[in-house]
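Novice: Here is my input, please return the structure:
(chains A and B)
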Amino acid sequence: MIKMKTELPQIFDSFAEARKNGFLAMKKIKDSGKGVVGQFCTYTPLEIFMAADLVSVGLCSTSDETIPDAEKVLPSNLCPLIKSSYGFAITDKCPYMYFSDLVVGETTCDGKKKMYELLAQRKNVHILELPSRQDTPEAKALWRAELVRLKKRVEQDFGVTITDDMLREAIRRRNIERKLLKEMYELSTMTPPPITGLRQLQILFGSQFKFDWKEKVAEIRKAIDRIKEAYQAGERPVLDSAPRILITGCPMGGVTEKVVKVIEEAGAVVVAFENCTGAKQMDRQCREDGDPLTNLADYYLQIGCSVMTPNKNRFELLDRLCEQFKVDGVVEMTLQACHTYAVESYTVKTHCEVKNIPYLQLETDYGTADIGQLATRAGAFVEML
Amino acid sequence: MVKVTIGIDCGSAACKGALFINGGVVATCVRPTGWSPKETAQAVLEELLSKAKVSREETFVVVTGYGRLGIDFADKKVTEITCHAWGAEFLLPGVQTVIDIGGQDSKVIALQKGKVKTFQMNNKCAAGTGRFLEMSAHRMGIDLSEFPVLLETGKSCSLSSMCAVFADSEIITLLAAGKSREEVAGGIIRSVVARVVALANKIEIRPPILLTGGLADFEGLRLELEKQLGSPVAALPLSRFAGAIGAAKIHTPGQD
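Specialist: Have a look, this model is predicted:
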């Protein structure tokens, strides 16, 4: 069993108020005796941590603050998500990374995979071997075996026993959460949508950082009810005529909200997110009856990320969302040096062309220097719709 | 009723203006943008009004270009991509592809029935832009306007850098290695055009092709473009005003 971290970092005193509060909130959770597991990827089965009554938190950083620190070790021509996450780990500036007793990485992209080796020098890291394909019995068996290994690691590190019933209860809870978030974003199937894409993204992104499940579910419910009430009361934050945009590509949140902002400032509205912050993880439900680990393995392996080859599930979801949300244009956000999404963007582009849906790719990073350029591209795209 | 519209294209290097009365160009004007896009655009506006002897009250002003966001007197703001497309369609009806090489970016626009079908712009780097040509000219101790003379010799060399800053040091190395200014100038033009052609290759380019933007008058550049694209590229006397003309044409008086 590992020793759980409860003390604040040495540089705590130098932090600004908001960051101090973030650390203190996490410390409170740690002081209550709860263990924290950090993870980086939608493929990570959070149910295993939930079943063990651990707090799980996403560690994908979304700001460029620690990139210069990361670049002392990592190459500059690397995905900003990887650099930034590593940078927060080595500087003790992120409360979630800092208080994580176990960090679970996965073999999605090459950059992350190698970064985890470096991260393991400072943190207690467990790596899930994610297969590169979704449709063979061997891939499915490997992934299930990896979940068994993860469960054992959690049991060992935190001194707990995870039963099938505990896993089933966690699956049930996560399904409720997925269903609610899906209900929330599906409100934007209406014309005009009752919320802007920025608000939708902020609700989706924010839900990752609420650690009490009951409170989280109640809050999402409340948000949905409020949105509906306001709409019924005649509030229209979005114009009827606003072109409807679907965003696809790399995970979003934090600094990359800028992409949603430039699109909406140009007069369009983002109605759906076909990415890891949005529909990729909420769209489907995990099977509840039967062997829970097999159900989890089956559910998670089918997420349509560009690391998979072939990646049919992404296109199936993309098509369905385009139709359901009556999408006028698709904007793909790729992060600098994300090879799999960048290469696949050509397939998405031609796929959209065949369906007669205008498509725009925007490559960006965690800086703010390109906002003018993004605004011109997004503006021209919206003007041509 | 007399219908007066003004389009102002405030780019990173130059601010261009065009004034239309009843659908025809009556006046054009161009000034270096300088440090204040807002003040320069104001000066362009006033010059156009005085040339055409009309008042601000009877005109509708559409602004475009990177400086558009800071201009508060505009009646409407539109991106330069849409404006270049509209302007190109006015200058060369039926145009299918627009290549605009501007001060800080270059873009290739595919048109369909006079509207933007798709477009490509260069990324953050200045390679393949007017700014890069200006930097290179400066590096060789000449003025940008002297560039075409150097090109007339037909000499050239190869520049391999993809980045404007590295290309700059490559130019120093080439000059130090004894290459003539004529050869280096030829290499620079080839490099700028190669970057633009790489953009063009990402979309389906079809003739007629119109070159717009501040470098449209640069004959050597146009010829190199034709050579690398393997297709004729037109440049017209008003090509550099395409963005401003498009901005003015976007507005049909009485519709706003």
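Novice: residues contacting A:Asp53?
Specialist: Residues in contact with A:Asp53, defined by Cβ atoms under 8 Å, 6 or more residues apart in numbering or on different chains, are A:Lys34, A:Val160. Every C-beta, even on glycine, is put in place using the N, C-alpha and C of the backbone.
Novice: Would you map out the domains in chain A?
Specialist: Residue ranges of the domains in chain A are recorded as A:10-162, A:166-384, according to automatic domain parsing.
Novice: Can you report how many residues neighbour the residue lying closest to B:Thr59 once chain neighbours are set aside?
Specialist: The spatial neighbour of B:Thr59 that comes closest, neighbours along the chain excluded (Cβ to Cβ, 6 or more residues apart in numbering or on different chains), is B:Val4 at 4.3 Å. In terms of burial, B:Val4 registers 23 neighbours under the definition other Cβ atoms under 10 Å in any protein chain shown.
Novice: secondary structure class for A:Gln361?
Specialist: For A:Gln361, the secondary-structure state derived from DSSP: H, G, I helix; E, B strand; the rest coil is strand.
Novice: Let's have the domains of chain A in JSON lines, adding distance to B:Ala216 and mean pLDDT.
Specialist: JSON lines is the format used below for these (distance: least, Cβ to Cβ, whole Å; pLDDT from 0 to 100):
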{"stretch": "domain A:10-162", "distance to B:Ala216": "35", "mean pLDDT": "95"}
{"stretch": "domain A:166-384", "distance to B:Ala216": "20", "mean pLDDT": "96"}
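Novice: Kindly list the longest helix within chain B.
Specialist: helix B:181-200 (DSSP state H).
Novice: export that one as CSV, just CAs?
Specialist: Backbone C-alpha positions of helix B:181-200 (Å, rounded to 0.1, in the frame of the first residue of the first chain) are rendered in CSV as follows:
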residue,chain,number,x,y,z
ARG,B,181,22.3,39.2,-55.2
GLU,B,182,20.5,38.3,-58.5
GLU,B,183,20.8,34.6,-57.7
VAL,B,184,19.6,35.0,-54.1
ALA,B,185,16.7,37.2,-55.2
GLY,B,186,15.6,34.5,-57.6
GLY,B,187,15.9,31.9,-54.9
ILE,B,188,13.8,34.1,-52.5
ILE,B,189,11.0,34.5,-55.1
ARG,B,190,11.0,30.7,-55.8
SER,B,191,10.8,30.1,-52.0
VAL,B,192,7.9,32.5,-51.5
VAL,B,193,6.0,31.0,-54.4
ALA,B,194,6.7,27.5,-53.3
ARG,B,195,5.0,28.2,-50.0
VAL,B,196,2.0,29.7,-51.7
VAL,B,197,1.8,26.8,-54.1
ALA,B,198,1.9,24.3,-51.2
LEU,B,199,-1.2,26.1,-49.8
ALA,B,200,-2.9,26.1,-53.2
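Novice: if we can go back for a sec, correct me, but the residue nearest to B:Thr59 touches B:Gly23?
Specialist: No. Look at B:Val4 against B:Gly23 with Cβ atoms under 8 Å: they stay out of range, at 10.6 Å.
Novice: A:Ala233: neighbour count?
Specialist: 7.
Novice: returning to what we had before: got the domains of chain A as TSV, with distance to B:Ile99 columns?
Specialist: TSV is the format used below for the domains of chain A (distance: least, Cβ to Cβ, whole Å):
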stretch	distance to B:Ile99
domain A:10-162	29
domain A:166-384	15
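Novice: out of those domains, nearest to B:Pro93?
Specialist: For B:Pro93, the closest of the domains of chain A is domain A:166-384, at 19.0 Å, according to Cβ to Cβ.
Novice: can you tell if the closest one touches chain B?
Specialist: Yes. For a cut-off given as Cβ under 8 Å from any Cβ of the partner chain, domain A:166-384 has contacts with chain B, namely A:358, A:363, A:369-370, A:372-373, A:375-377, A:379-380, A:383-384.
Novice: still on that earlier bit, what are the buried residues along the longest helix of chain B?
Specialist: Neighbour counts using 16 or more other Cβ atoms under 10 Å in any protein chain shown place B:181-193, B:195-200 of helix B:181-200 among the buried residues.
Novice: go on, stretch A:335-354?
Specialist: Buried residues in stretch A:335-354, defined by neighbour count with 16+ other Cβ under 10 Å: A:335-338, A:340-342, A:344-345, A:348-349, A:351-352.
Novice: same deal with stretch A:254-261?
Specialist: Buried residues in stretch A:254-261 (16+ other Cβ under 10 Å): A:Gly254, A:Val255, A:Thr256, A:Glu257, A:Lys258, A:Val259, A:Val260, A:Lys261.
Novice: Count residues in the vicinity of B:Glu224, would you?
Specialist: By other Cβ under 10 Å, 23 other residues sit near B:Glu224.
Novice: can you pull the contacts of A:Phe158?
Specialist: Under the criterion of Cβ under 8 Å, 6+ apart, the contact list for A:Phe158 reads A:Met1, A:Ile2, A:Gly35, A:Ala52, A:Leu54, A:Asp101, A:Leu102.
Novice: Could you do B:Leu236 as well?
Specialist: By Cβ under 8 Å, 6+ apart, B:Leu236 lies in contact with B:Leu91, B:Leu92, B:Leu210, B:Ala216.
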